[in-house]
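Visitor: predicted model and sequence follow; I will ask about them next.
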Amino acid sequence: MQIRDVWNTLKTPEHRLAWMVAMVADAVQIGALPLFVAGGVSPADTALDIVVAALLIRLLGWHWAFLPSLAAELIPGFDLFPTWTAAVYFVTRAQVKPGEPEVLPPGPAPAPRR
């Protein structure tokens, strides 16, 4: 699968923009390591993470996957792992697409169709 195929599977402009925001934020945190080395006590790191979290929630809506990403970004050294990109991947790939089987909620099995 080529990168173009992956990009084309993102149907909405919001998903594409969320991917860009997450990748740029992770690249900045990795590339500008001296500014972000202190983790949660770095004002630049905290400001970037709050802005990124707000943008992603605005673009994709609230999702629980953003909480562990924000918490991990406050730990020194975790800025070297692309947590925002991983969260956006999880949120955008977890949606059921048309033509896929729907996962049923727990409970008694429905009667078989005849």
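Guide: Noted; the coordinates are in hand.

Visitor: so in this protein, where's the weakest helix or strand by average pLDDT?
Guide: When the helices and strands of the chain are compared on mean pLDDT, DSSP states H and E, helix 3-9 comes out lowest with a mean of 62.

Visitor: next secondary structure element downstream of that one?
Guide: Sequence order places helix 13-31 as the next helix or strand after helix 3-9, per DSSP states H and E.

Visitor: what packs against that following helix?
Guide: Helix 13-31 sits against helix 43-60, helix 83-93, with contacts defined as 3 or more Cβ pairs under 8 Å, 6 or more residues apart in numbering; DSSP states H and E. For every residue, glycine as well, the C-beta is placed using N, CA and C.

Visitor: CA-only coordinates of it in CSV, if you can.
Guide: C-alpha atoms of helix 13-31 as CSV (Å, rounded to 0.1, in the frame of the first residue of the first chain):
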residue,chain,number,x,y,z
PRO,A,13,-10.8,17.3,5.1
GLU,A,14,-11.0,17.3,8.9
HIS,A,15,-9.3,13.9,9.0
ARG,A,16,-6.5,15.1,6.7
LEU,A,17,-6.0,18.3,8.6
ALA,A,18,-5.9,16.4,11.9
TRP,A,19,-3.2,14.1,10.5
MET,A,20,-1.2,17.1,9.4
VAL,A,21,-1.6,18.8,12.8
ALA,A,22,-0.5,15.6,14.7
MET,A,23,2.5,14.9,12.4
VAL,A,24,3.7,18.5,12.5
ALA,A,25,3.4,18.7,16.3
ASP,A,26,5.3,15.4,16.8
ALA,A,27,8.0,16.5,14.3
VAL,A,28,8.4,19.8,16.1
GLN,A,29,8.7,18.1,19.5
ILE,A,30,11.3,15.6,18.1
GLY,A,31,13.1,18.2,16.0
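
Visitor: all set now, cheers.
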